[in-house]
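In: Provided below for reference: sequence and predicted model.
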Amino acid sequence: MTQAPWWPAPAKLNLCLHINGRREDGYHELQTLFQFLDWGDRLRFTPRDDGLVTLSPALPGVADEDNLVVRAARLLQQASGTTLGADIELDKQLPMGGGIGGGSSDAATTLVVLNHLWQTGLDEDALAELGLSLGADVPVFVRGRAAMADGVGEALRPVEIAEPWYLLLVPEVEVSTAEVFGHPQLTRDTPKIPGLESQPQRWQNDCQAVVCQAYPQVAKALSWLLEYAPSKMTGTGSCVFGEFANRADAEAARAGLPEGWVGQVTQGRNQSPLLAMLGQ
Ligand SMILES: C[C@@](CO)(OP(=O)(O)O)[C@H](O)COP(=O)(O)OP(=O)(O)OC[C@H]1O[C@@H](n2ccc(N)nc2=O)[C@H](O)[C@@H]1O
Ligand SMILES: Nc1ncnc2c1ncn2[C@@H]1O[C@H](COP(=O)(O)OP(=O)(O)O)[C@@H](O)[C@H]1O
């Protein structure tokens with residue numbers, strides 16, 4: 001019997017993250033530009049008839065019941081009424097809590113692929129809405145197109161932007177998204193900018209200053225990277241990325257990384273590798 005294929009769950013970058021205000025419910029109104037990376041986790045799904053959902057291996061520090069993969073599978077079972085289940089294997093490559101969306105991407109891949117394998121027939125809008133109940137970053141991974149997002153990240157407009165090479169640094173610290181959004185000194189009044197996707201000189205990350213202040217490791221990684229390339233933090237951190245014209249320049253910068261630092265060379269993608277595989 002041929003083995004089930006591995007499905008990609010790519011990382012994302014927030015090429016900018018502007019905070020435009022705070023809503024009544026305490027959440028922040030954002031303007032953010034998402035692009036995928038050709039680097040990510042991989043998942044393999046084997047359907048089963050008895051409705052059980054299993055995950056292997058377990059993620060250190062995350063109970064299976066809390067794992068976004070298991071939660072996504074259960075949510076799709078409930079929404080569709082299917083009696084099928086699945087054995088799911090997760091090949092975790094992405095660091096957790098780094099602002100590159102690994103958990104959200106795993107959830108989106110689970111929703112999209114199980115919908116396909118179980119033949120549950122939900123359309124893209126329905127899957128994106130289910131995804132949003134798991135996290136603000138899930139819908140963009142479900143839709144699989146680089147996008148400018150408004151709201152808390154759910155109002156998505158696909159964009160075509162450059163696909164540069166990045167050197168991504170992974171500081172050894174997990175940043176709490178709630179702590180960043182609760183910070184008294186957070187910039188919350190950046191005006192909405194129409195057509196922001198075509199004005200890269202105006203792309204900024206409003207969370208960067210407070211994160212660099214609270215986490216010196218992030219500040220250090222960013223100032224190292226800035227010596228080589230225009231660089232920013234992604235999401236609420238901790239990862240920072242520098243933008244390079246080609247792979248060789250990004251590799252050359254990585255070769256100079258101080259001992260013990262973790263860096264990944266990867267290219268931006270406007271189409272998610274998940275969407276590419278599904279379309280094949
Ligand atoms: C900031 C972004 C940008 O892509 O990603 P990451 O850095 O986590 O990757 C996302 O908007 C993260 O969205 P999401 O993944 O839903 O955030 P959560 O961890 O659930 O949010 C934790 C807490 O942060 C605050 N929060 C979050 C998002 C938002 N737009 N406004 C907020 O005020 C809320 O207090 C929330 O309870
Ligand atoms: N499959 C999963 N992969 C990663 N994190 C997960 C997963 N399921 C649940 N989590 C939880 O979600 C948190 C945020 O993870 P992640 O999406 O990787 O980071 P970020 O939101 O900063 O991009 C983790 O610290 C972990 O507790």
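Out: Perfect, I can see it now. Numbers count the residues shown, from 1 in each chain. Ligands and ions are numbered 1, 2, ... in the order given.

In: so what's the residue count around Leu274?
Out: Per other Cβ atoms under 10 Å, the neighbour tally for Leu274 reads 23. All C-beta atoms are positioned from the backbone trio N, CA, C, and that covers glycine.

In: hang on, it packs against Trp6?
Out: No: using Cβ atoms under 8 Å, Leu274 is not in contact with Trp6, being 11.2 Å away.

In: is stretch 65-83 positioned near ligand 2?
Out: Yes: Stretch 65-83 lies within reach of ligand 2 by Cβ under 6 Å from any ligand atom, at Asp66, Asn67, Leu68, Val69.

In: likewise for stretch 222-233?
Out: No: using Cβ under 6 Å from any ligand atom, stretch 222-233 stays clear of ligand 2, with a minimum separation of 11.2 Å.

In: now do the end-to-end distance for that stretch.
Out: The first and last residues of stretch 222-233 sit 8 Å apart, counting by Cα to Cα, to the nearest Å.

In: low-confidence stretches in this protein?
Out: For the chain, residues meeting the criterion pLDDT under 70 lie at 1.

In: and the lengthiest helix in the chain, what's buried?
Out: Counting residues, the longest helix found in the chain (DSSP state H) is helix 102-117. Buried residues in helix 102-117, defined by neighbour count with 16 or more other Cβ atoms under 10 Å: 102-115.

In: how far off centre is that helix?
Out: 13 Å (Cα atoms, centre = their mean, to the nearest Å).

In: swap in stretch 230-245?
Out: Distance, centroid of stretch 230-245 to centroid of chain: 13 Å (Cα atoms, centre = their mean).

In: buried stuff in that stretch?
Out: Buried residues in stretch 230-245 (16+ other Cβ under 10 Å): 231-244.

In: any chance of these in TSV, with secondary structure too?
Out: Below are the buried residues of stretch 230-245 laid out as TSV (DSSP: H, G, I helix; E, B strand; the rest coil):
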residue	secondary structure
Ser231	strand
Lys232	strand
Met233	strand
Thr234	coil
Gly235	coil
Thr236	coil
Gly237	coil
Ser238	coil
Cys239	coil
Val240	strand
Phe241	strand
Gly242	strand
Glu243	strand
Phe244	strand
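
In: domain map for the protein?
Out: 6-159, 165-269 (automatic domain parsing).

In: circling back to that earlier point, how about the longest helix of the chain and ligand 1, touching?
Out: No: using Cβ under 6 Å from any ligand atom, helix 102-117 stays clear of ligand 1, with a minimum separation of 6.5 Å.

In: is that helix up against ligand 2 anywhere?
Out: Yes: Helix 102-117 reaches ligand 2 (Cβ under 6 Å from any ligand atom) through Gly102, Gly103, Ser104, Asp106.
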